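Enquirer: Turn this into a model:
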Amino acid sequence: MVTKIDNFGRVLIPKKIRRKLGFLPGVTVQLEEINNQIILKVNPAPERKIGEDKDLIEISDDFDAPLEDFEDYMS
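Expert: The predicted model follows:
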């Protein structure tokens, strides 16, 4: 497969390959140069553990309050 490098040094990876390899927007990648070849690897997403966000999420008693706040903000 042949592709071009743009003026900023970017290379377009075709959609079919991005999907197959998990190259999704926002995913970080690791880039290595070995024997004049570029190796590009997706960094694995960190595994989330049960209870990892404990005490970081607050649940309101009034479930309509955020909606009402948003409606006030939009008006």
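Enquirer: Who are the contact partners of Phe23?
Expert: Taking Cβ atoms under 8 Å, 6 or more residues apart in numbering as the contact definition, Phe23 lies against Ile13, Ile17, Val29, Val42. The way it works is simple: take the backbone N, C-alpha and C, and place the C-beta from them, glycine included.
Enquirer: Which ones among these map onto strands?
Expert: If you go by DSSP state E, the contacts of Phe23 have Val29, Val42 in strands.
Enquirer: from the contacts of Phe23, which two are the most distant?
Expert: Ile17 and Val29 (12.9 Å; Cβ to Cβ).
Enquirer: mind listing what Asp72 touches?
Expert: Not one residue lies near Asp72 by Cβ under 8 Å, 6+ apart.
Enquirer: does it count as helix, strand or coil?
Expert: Under DSSP: H, G, I helix; E, B strand; the rest coil, Asp72 falls in the helix class.
Enquirer: And the pLDDT at it?
Expert: Asp72 is assigned 77 on the pLDDT scale.
Enquirer: what's the answer for Val11, then?
Expert: As predicted, Val11 sits at a pLDDT of 90.
Enquirer: Tell me, how many residues neighbour it?
Expert: For Val11, the count of nearby residues is 10 (other Cβ atoms under 10 Å).
Enquirer: Would you check that it makes contact with Val2?
Expert: No: counting by Cβ atoms under 8 Å, Val2 is not a contact partner of Val11; they are 10.9 Å apart.
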